[in-house]
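Engineer: Turn this into a model:
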Amino acid sequence: MLRLALFLLTGVALSALPACTGAGSDAPIDTGIDAVADVPADVPADVPTDAGRDVPPLPPLYETGLVAPLDAIPCTAADGTPTNACNHHGSSVAVMADGTVLAVWYTGRGEYSKDSRIVWSRKAPGQDWTPWAVLVDEPNVPEGNPVIWVDDRTGELWLFYMRVVGTSWNDGQIIMRRSTDGGQAWSTPTTLRQDLQWMTRNHPLRLSDGEVLLPCYDETLFVPTWLASRDGFTSQWTEITPPDETLLLYLGQIQPSIIERPDGSLFATMRNGNVQFKGHALEVTSGDRGRTWSEAAASPIPNPGAAMDMTRLASGAVLAVFNNNPSARNPLAVALSDDDGLTWSAVANVVAACGDGECSYPSLAADPTDGSAWITYTHARHTIGWVHVSEAWVRQKGDVFAPIP
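Structural biologist: Residues are numbered from 1 along each chain as shown. Now for the predicted structure:
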């Protein structure tokens, strides 16, 4: 009852937050999906689990482009006719041990439209992006917010995504599939949470004690939530949510991204639902493996009420990607921290504009082969863009955080 009351009381305050991402039983669901997805042509039969070499840090490097050409993927208009005026959003990026970059996203007429599906593309070292291919498409069931991750122990690919069983993200279930052969075939979908309204956005993190923590959030209440598992979500996992008695402290804190600090504590940055510290990203810490979290503090990183991401590079530095603007979803920028998120020592704008639309919803992954970072992002909703940067380039760029009123 308390959660329902809080939802009603805070609905007006949160209504200004653009809809972006909802959640599922530990038993597989029968979706009628063939476990073999469409696969870009260069998927290898064997997946290495280790790059097998030490590579010195890259000199300054900056590259950018589009994963797929603008408006290249068809969808179905409201009247049933085919069109290429489609929504492209919610990308996720991962890098395999051999340096192959994977990009997944969802596309369709609009968010949670019946034709919404998950597609992907790959970029092998020195090669172009492969033509897009369908990864998940259950007929007449919208999919969205995919998260692709490479298991750092086995090299398996883990895919989390939303399956919408109703009319909005609030009716979403969190689904997981895995691949042991680089994406040629995928396991039967498993529902990670039977109840609805939880959603995914950013990558899981394997903690130093071996547990994997998947950041989620409650789309109805706009609070951060988590799924934790010690067996790779194969048979057991735990739901973590703010307790009722302190729920008000977490309102408007969604889409967390996390790192583990050397002392074993966790640090998370989050999208701001503008309940407090408007214009700032939010940051919290945990000393008990994510079971409880501190009250949110204002980060110096700007946030216009949009997704951001964060990861640790091979050098030990922490890299965040975000919109360097407290009120608009451009430009896209990165920032480096040499003290685990306590301060940010370098800022670099990486994409100034995306036509007349947003440069938003970035995803970030470290490249294990050379210490660089790969970013994918929503490019004006017409396709997915990418950025490849080295740490040295970020440090010399010399940009600053946008002022926050």
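Engineer: What's the local residue count around Glu138?
Structural biologist: For Glu138, the count of nearby residues is 17 (other Cβ atoms under 10 Å). Every residue, glycine included, has its C-beta placed from N, CA and C.
Engineer: ok now do Pro304, which residues does it touch?
Structural biologist: For Pro304, the contact set (Cβ atoms under 8 Å, 6 or more residues apart in numbering) comprises Gly279, Asn323, Asn325, Pro326, Ser327, Ala328, Arg329.
Engineer: Now do the SS call for it.
Structural biologist: Three-state assignment for Pro304 (DSSP: H, G, I helix; E, B strand; the rest coil): coil.
Engineer: What separation do you get for the residue nearest to the spatial centre of the chain and Ser92?
Structural biologist: Most central in the chain under Cα atoms, centre = their mean is Asn202, positioned 3.0 Å from the mean C-alpha point. Here Asn202 is placed at a distance of 8 Å from Ser92 (Cβ to Cβ, to the nearest Å).
Engineer: What of Ala306?
Structural biologist: For Ala306 relative to Ser92 (Cβ to Cβ), the value is 16 Å.
Engineer: Which parts of the chain are helices?
Structural biologist: Along the chain, counting by DSSP state H, helices occupy 2-14, 391-397.
Engineer: Those: lowest mean pLDDT?
Structural biologist: Mean pLDDT across the helices of the chain is lowest at helix 2-14; the value there is a mean of 45.
Engineer: Of the contacts of Pro304 - the most surrounded one?
Structural biologist: Asn323 (29 neighbours).
Engineer: The contacts of Pro304 in strands, which ones?
Structural biologist: When DSSP state E is applied, these are split such that Asn323 fall in strands.
Engineer: now the contacts of Pro304 in CSV, with pLDDT and distance to Pro74?
Structural biologist: Listed next are the contacts of Pro304 as CSV, based on pLDDT from 0 to 100; distance: Cβ to Cβ, whole Å:
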residue, pLDDT, distance to Pro74
Gly279, 98, 38
Asn323, 98, 29
Asn325, 98, 32
Pro326, 98, 36
Ser327, 97, 34
Ala328, 98, 30
Arg329, 98, 25
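Engineer: From the contacts of Pro304, pick the one nearest Glu391.
Structural biologist: Asn323 (20.9 Å; Cβ to Cβ).
Engineer: wait, Thr83 sits on Cys75?
Structural biologist: Yes: between Thr83 and Cys75 there is a contact under Cβ atoms under 8 Å: 6.2 Å.
Engineer: list residues touching both of the two?
Structural biologist: Arg109.
Engineer: ok, Pro69 - contacts?
Structural biologist: Thr383.
Engineer: Repeat that for Ile375.
Structural biologist: Ile375 sits next to Val93, Val321, Leu332, Val334, Val350, Pro362, Ser363, Leu364, Trp386, Val387, His388, Val389 when contact means Cβ under 8 Å, 6+ apart.
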